[in-house]
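Asks: my questions are about this predicted structure, shown below with the sequence.
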2 protein chains.
Amino acid sequence: MERVYTKDLKEAAGSKVKVAGWVDVRRDHGKLIFLDIRDVSGKVQAVVLPNHETAHEKAKELRSEWVISVIANVNERPEKMVNKDEPNGAIELEVTEIEILSKAQELPFDLDAELKLDTYLDYLPLTLRKPDNRDVFKVQSEILIAFRHFLNSQGFTEFQAPKIIGDDAEGGASVFELEYFKGQKANLAQSPQLYKQIMVGIFERVYTTGNVFRAEKHSTSRHLNEYTSLDIEMGFIQDHLDVIKLTTKLMNAIVSHLEETCAHIFEKRGVEIPLITKHIPHMKLREAQEILKKEYDDELDLSAPDLEPQHERWICEYVRKEMNSDFVFITHYPVEKTAMYAYEDESDPGYTKYFDLLFRGIEIQSGGQRYHEYDKLVAAMKRKGLNPDNFAFYLQAFKYGIPPHGGFGMGLERLTEKFLDIDNVKRATLFPREINRIDTLLTKQNEDKDEKDKN
Amino acid sequence: MERVYTKDLKEAAGSKVKVAGWVDVRRDHGKLIFLDIRDVSGKVQAVVLPNHETAHEKAKELRSEWVISVIANVNERPEKMVNKDEPNGAIELEVTEIEILSKAQELPFDLDAELKLDTYLDYLPLTLRKPDNRDVFKVQSEILIAFRHFLNSQGFTEFQAPKIIGDDAEGGASVFELEYFKGQKANLAQSPQLYKQIMVGIFERVYTTGNVFRAEKHSTSRHLNEYTSLDIEMGFIQDHLDVIKLTTKLMNAIVSHLEETCAHIFEKRGVEIPLITKHIPHMKLREAQEILKKEYDDELDLSAPDLEPQHERWICEYVRKEMNSDFVFITHYPVEKTAMYAYEDESDPGYTKYFDLLFRGIEIQSGGQRYHEYDKLVAAMKRKGLNPDNFAFYLQAFKYGIPPHGGFGMGLERLTEKFLDIDNVKRATLFPREINRIDTLLTKQNEDKDEKDKN
């Protein structure tokens, strides 16, 4: 018999089905044994009656998280027993056979309890099963589907960027170092930036999604040492406004897709689908600062090269109120605050054709137009104190002709976090890597080792 | 004016268009200047006549790989000038305006020349532009599209697997080590295996695509130190045959998709679309050995725990001839040759419910059923000399109930290589990492450094 997912049981009322999943909870009411069975698609209540003797005997053994497969009749519940809050609240399974697929040990805590972050992380293989937690990663997977689907429709080609890179490129303090061969060190890529620019020479419009690595020694609700970066780069643009236009369409496509596929998750969590407009507003940093000074903070330094976190929150609040959008592009950061490849705006010297996309009070995306002229790029490297010789491979793309181009990078986990209004990016990351933890706490691991050494 | 891609020019015959791309080649015939303009979608021949003076002056400057945008009339060629071998062989652009978007330096070699592998790799930002090379990665991107599309249609959810892992798990000699925090070492993941099994507890059916790392000290046509692994894992299976069934459908979906989207690439390269059957044949290792002994090699040791490369080629040859398939599953490798989580077949003790998928003479996929029972898995770890304490995080998935499950891992680059019958996996990898090279040759890098130290 083919297995039926719990989400499809309503249509099977009156028939005999096979259902498989986890025992979410078992409750005994005298001789009646009630089971909530959970699968990937939802839950259903099942009852095991004493007259199905073999099944009833097996049911007595069952505990939370045992994996079972049952044969059951799908019965409609009497009117007064219908639970309107549950998708399967109008039916109940009457179990006639049980097969135990896998047993489980006693749980360390009730899965429905509020857990401290550390406990949640210590037990991810278990805690992720809770539907509220699982939902976060369902949304995450749908963001990716929408991202790729939209870009494929716009003539973009996906490519695979390497993660092991030479130890001589962008570098900086926050880079992980590894032992390569021949006594050489290598680094883990902080972004696919240089490769996606090279790829503009091959496919004109490209995207790549993959892990990137930051060896930042912070443990906060915003930091991750490994995250998923969604990156695009597009050639033959006029300037950064072409990137902003495409990004606007992309963010609209993502929001629409989430509305179609995940509205129930937003509703269940009490989170609004973001406000987005057909033309996401954009303003220069200096315009944003003027607004902030006038509306929120008369102490604000108009010559500051960036927005403080509180300013980002305020400008988002302002844009939502005045322009009906949860998204806003801030453009034209000063040359000294942007990367070496950021294109200086000839019509606004000292500022770059770069942008941050702010969403619900935080930057979720950085991008803009890059230098495509070899000489300008080399000069910009030197201004930043970088040695062009170390970028010889990358510079080939420019030496041999590349069109005007730009793009952006966006962290998938932070985007998921802000979409669902979660308080910590680690809860929007499946297996977060941070200064104290690789799955298990590092210090704990050390202690264990010390323990072992003593024995 | 909106830019028109060269592939769409045929429909624009008789009208004025804007075309942008690279100068593939310039040829002067007296006062006529001919340009082949290349964009991501193809090429077109353009002519600049002396009567368009400004354009003609600019055209004199142009050299290979300069990036230009032109305004031109799309003229039909006279019958006798039609080139039937070229997609745009029936038209020609008459250029009236030229905008130079980017200049290029003189090329180090003719892009159409046959290049040695090292030269090809040294100049990837340039050599990848050659349409024959670019095509390989077009096929690669289409394999991914087909892979995800099929799995999404089968109820699979994508997840992001971490690449930084603890230094205490599967490990082995071929693992890259990195400096983490607090004086701890970490490793780069050789596969997402443990995480995808954990994820079966969350989403039942999952897949992930991403970079994996092998610190193998080999420089051959088959080895890569970083590659893209396509991984799936599915719960609620009966046994490995369910994985084989799904994989069969998936490989059929990929082949069909390539036939639809990339037939012209296969044709241009003179490579056959693979033969694939609705039911890919499968046989036990011992059955394959019997066939090989009988048909190809009467010296073959029937108790060998694996197939030699030559045996893999022969058995593929045999299956193609006798069963009309370029694919064959070999199952039931001995317990000692398979990973600790490989499920031993109760009905065939000493052998596992594991398989390799061979394709055109080489293994492209490994998979099978894994242990889902906590006790059996712990016992298997101990038999392999592994310490279960080091797997405590992973083991939670089993401690707290997980259904019978299985899956496979498959290297995207090797798959691309075999689909297109390429002689070296490095030519099917965008930016291959190998013992001697991270973009540039490591030794060369060293020499450069030595040079600098002296100065």
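Replies: Everything's here; your move.

Asks: make it CA atoms for all contacts and neighbour counts henceforth
Replies: Fine.

Asks: counting by contacts, list what the longest strand belonging to chain A packs against.
Replies: In chain A, with assignment by DSSP state E, the single longest strand is strand A:16-29. Counting contacts by 3 or more Cα pairs under 8 Å, 6 or more residues apart in numbering or on different chains; DSSP states H and E, strand A:16-29 packs against strand A:32-39, strand A:67-76.

Asks: which among those strands is found nearest to chain B?
Replies: Within these, the stretch nearest chain B is strand A:67-76; the backing value is 5.9 Å (Cα to the nearest Cα).

Asks: quick one: is that closest one near chain B?
Replies: Yes: using Cα under 8 Å from any Cα of the partner chain, strand A:67-76 reaches chain B at residue A:67.

Asks: list the strands paired with that strand, with their directions.
Replies: Sheet pairing for strand A:67-76, assigned by DSSP bridges, gives strand A:16-29 (antiparallel), strand A:91-102 (antiparallel).

Asks: select, out of those strands, the one closest to residue A:252.
Replies: Closest approach to residue A:252 among these is made by strand A:16-29 (36.1 Å; Cα to Cα).

Asks: export that closest one to PDB, keeping only CA atoms.
Replies: Provided in PDB are the C-alpha atoms of strand A:16-29 (Å, rounded to 0.1, in the frame of the first residue of the first chain):
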ATOM      1  CA  LYS A  16      -8.100   2.600   4.500                       C
ATOM      2  CA  VAL A  17      -4.700   4.200   4.300                       C
ATOM      3  CA  LYS A  18      -1.000   3.700   5.300                       C
ATOM      4  CA  VAL A  19       0.500   6.600   7.300                       C
ATOM      5  CA  ALA A  20       4.100   6.800   8.500                       C
ATOM      6  CA  GLY A  21       5.800   9.200  10.700                       C
ATOM      7  CA  TRP A  22       6.900  10.000  14.300                       C
ATOM      8  CA  VAL A  23       4.900   9.600  17.400                       C
ATOM      9  CA  ASP A  24       4.500  13.200  18.500                       C
ATOM     10  CA  VAL A  25       2.800  12.200  21.700                       C
ATOM     11  CA  ARG A  26       0.900   9.300  23.100                       C
ATOM     12  CA  ARG A  27      -2.000   9.700  25.500                       C
ATOM     13  CA  ASP A  28      -3.900   6.800  27.200                       C
ATOM     14  CA  HIS A  29      -7.600   7.300  28.000                       C
END
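
Asks: show me what counts as buried in that strand.
Replies: Using 16 or more other Cα atoms under 10 Å in any protein chain shown as the test for burial, strand A:16-29 gives A:16, A:17, A:18, A:19, A:20, A:21, A:22, A:23, A:24, A:25, A:26.

Asks: what's the answer for stretch A:347-367, then?
Replies: So for stretch A:347-367, counting by 16+ other Cα under 10 Å, buried means A:351-367.

Asks: same check on stretch A:151-164?
Replies: Going by neighbour count (16+ other Cα under 10 Å), the buried part of stretch A:151-164 is A:151, A:152, A:156, A:157, A:158, A:159, A:160, A:161, A:162, A:163, A:164.

Asks: how long is that stretch from one end to the other?
Replies: From its first residue to its last, stretch A:151-164 covers 26 Å (Cα to Cα, to the nearest Å).

Asks: hmm, it touching chain B?
Replies: Yes: Stretch A:151-164 comes into contact with chain B (Cα under 8 Å from any Cα), by way of A:157, A:158, A:159, A:160, A:161, A:162, A:163, A:164.

Asks: tell me the residues of the stretch 151-300 of chain A that contact chain B?
Replies: Counting by Cα under 8 Å from any Cα, the stretch 151-300 of chain A comes close to chain B at A:157-166, A:176-182, A:184, A:198-199, A:201-204, A:210-211, A:215, A:217, A:226, A:228, A:236.

Asks: give me that answer again for 6 Å
Replies: Applying Cα under 6 Å from any Cα of the partner chain, we find that the stretch 151-300 of chain A lies next to chain B at A:158, A:177, A:178, A:181, A:198, A:202, A:203.
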